[in-house]
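Asker: Here's a sequence, model it:
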Amino acid sequence: MAKARSALKGHLVPGHFGREGTTGVTLSEVGSFCLVQVSAWPESLRSVGKEAARLAGCGEAPGPGQATAGANGTLLRIEPLKWWLISRQAPSSQLSLTAGDGAVLDLSSSRTWVTLSGADAAGLLNRFLPLDLSDRAFPPGSSASTAFHHIGVTLWPDDEGFNLLLPRSFAASLWEMLTESAAQFGYEIRSA
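Answerer: You can find the predicted model right below:
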């Protein structure tokens, strides 16, 4: 299988940029990852949720607006009847559902995974996202499907900072907006 080319190729240049002497934001791309969508029907939500949690290696499937880190990746509840399992490698087991229960879809090549950390990461994201990203309102274990410059994105915080899934076809232009705005804080780009 051919390795997917980064949507940020040519845009992701490691180094320090913007304001001198300070690094308020650190950005990087997670180069290779697996993204699996698990969908249920209303009557199969509980049983499909248990299977999604098993696949992720976590105790139970997260509720709406939540994310749960498991042994095999992070399980995000992105819609009322859908979860996304995202991990740096493919899950060791597979999930197979009947058409009456739901569906499983590999979305790995549809998104670009960007991480943001640092004291000014939430401030940078708030220039684009209509969310309260304070620790009180959006702690680790939260997730949101929201809009970034009219483009649907998915965001979840963890102990390191923020994780942002961008549609692959818009990743380069959204990355440009992020880095141009990050210059006011001083930012560092790290290679994957």
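Asker: quick one: contacts of the helix or strand Ala67 falls within?
Answerer: Per DSSP states H and E, Ala67 falls inside strand 67-70. By C-beta atoms under 8 Å, 6 or more residues apart in numbering, the surrounding residues in contact with strand 67-70 are 53, 56-62, 74-77, 140-143, 156, 158. All C-beta atoms are positioned from the backbone trio N, CA, C, and that covers glycine.
Asker: next SSE after it?
Answerer: Scanning forward in sequence from strand 67-70 by DSSP H and E, the next helix or strand is strand 73-79.
Asker: Thr68 and Phe170: what is the separation?
Answerer: 27 Å (C-beta to C-beta, to the nearest Å).
Asker: hmm, back to that, direction included, what does the strand holding Ala67 pair against?
Answerer: strand 73-79 (antiparallel) (DSSP bridges).
Asker: The helix or strand just after the partner strand packs against which elements?
Answerer: Counting by DSSP H and E, the next helix or strand C-terminal to strand 73-79 is strand 82-87. Applying 3 or more C-beta pairs under 8 Å, 6 or more residues apart in numbering; DSSP states H and E, we find strand 82-87 packed against strand 34-40, helix 45-56, strand 73-79.
Asker: Measure how far the following helix or strand past strand 82-87 is from the centre of its chain, please.
Answerer: Sequence-wise, the next helix or strand downstream of strand 82-87 (DSSP H and E) is strand 102-106. Distance, stretch centre to chain centre, for strand 102-106: 18 Å (C-alpha atoms, centre = their mean, to the nearest Å).
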